[in-house]
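Participant: Requesting a structural model of the entry that follows:
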Amino acid sequence: MIVIIGLSHGLRRVFAYVDLSGRRFRIAPFVLILFAFAAFLWFEGYLAIATPEIIAIYAAFALLGLFYNNRQTLDWNLAFAMVATALGGTMELLGTSAGLWSFAFGEGMPVFISFAWTLNGWAVCGIAQIFGADLRDAIAG
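Facilitator: As a prediction, this is how the structure comes out:
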């Protein structure tokens, strides 16, 4: 989380040049990530083998993510989504390539896993925000 938040701060500065600092479309990155997660989960066949407990966990992650995203700005949510998706996908791919883990259908890496990292990260930030801490302020910027 520290690396994701730190890199998101850097990417957020890039968005300052194109004026994406508003709150109007702040949940657009959340909606896109959630849609991509659900679509790839279904297209790749993992929805058919997901247990009700797994569905409930990701539904909770989605609610926490919505709670968090609704209290941030567009530039932050977009930067976080891009960094968490890219970094999470890279780490999953490296772990699979090294033989540390594998996936149910034997493919290199299902795409939905990258988007799951973003939902997981937003859930962590949402839980922290419920307790009054904004993790984005944890990195000096």
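Participant: top helix in the chain by residue count?
Facilitator: Using DSSP state H, we find that the single longest helix of the chain is helix 74-97.
Participant: Other residues contacting stretch 40-57?
Facilitator: Stretch 40-57 is contacted by residues A104, F105, E107, P110, V111, F112, F115 when judged by C-beta atoms under 8 Å, 6 or more residues apart in numbering. No exception for glycine: its C-beta is placed from N, CA and C like everyone else's.
Participant: now the helices: where do they sit in this protein?
Facilitator: Going by DSSP H, the chain shows helices at 2-15, 28-43, 52-69, 74-97, 112-130.
Participant: Export those to JSON lines and append columns for mean pLDDT and distance to D137.
Facilitator: JSON lines is the format used below for these (pLDDT from 0 to 100; distance: least, C-beta to C-beta, whole Å):
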{"stretch": "helix 2-15", "mean pLDDT": "89", "distance to D137": "9"}
{"stretch": "helix 28-43", "mean pLDDT": "97", "distance to D137": "19"}
{"stretch": "helix 52-69", "mean pLDDT": "97", "distance to D137": "13"}
{"stretch": "helix 74-97", "mean pLDDT": "95", "distance to D137": "11"}
{"stretch": "helix 112-130", "mean pLDDT": "96", "distance to D137": "10"}
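Participant: Contact partners for the residue nearest to the spatial centre of the chain?
Facilitator: By C-alpha atoms, centre = their mean, the chain has its centre lying nearest to T118, at 0.9 Å. Going by C-beta under 8 Å, 6+ apart, T118 touches I33, F37, G65, F80, A81, A84, T85, G88.
Participant: Among the contacts of stretch 40-57, name the buried ones.
Facilitator: Neighbour counting by 16 or more other C-beta atoms under 10 Å classes P110, V111, F112, F115 among the contacts of stretch 40-57 as buried.
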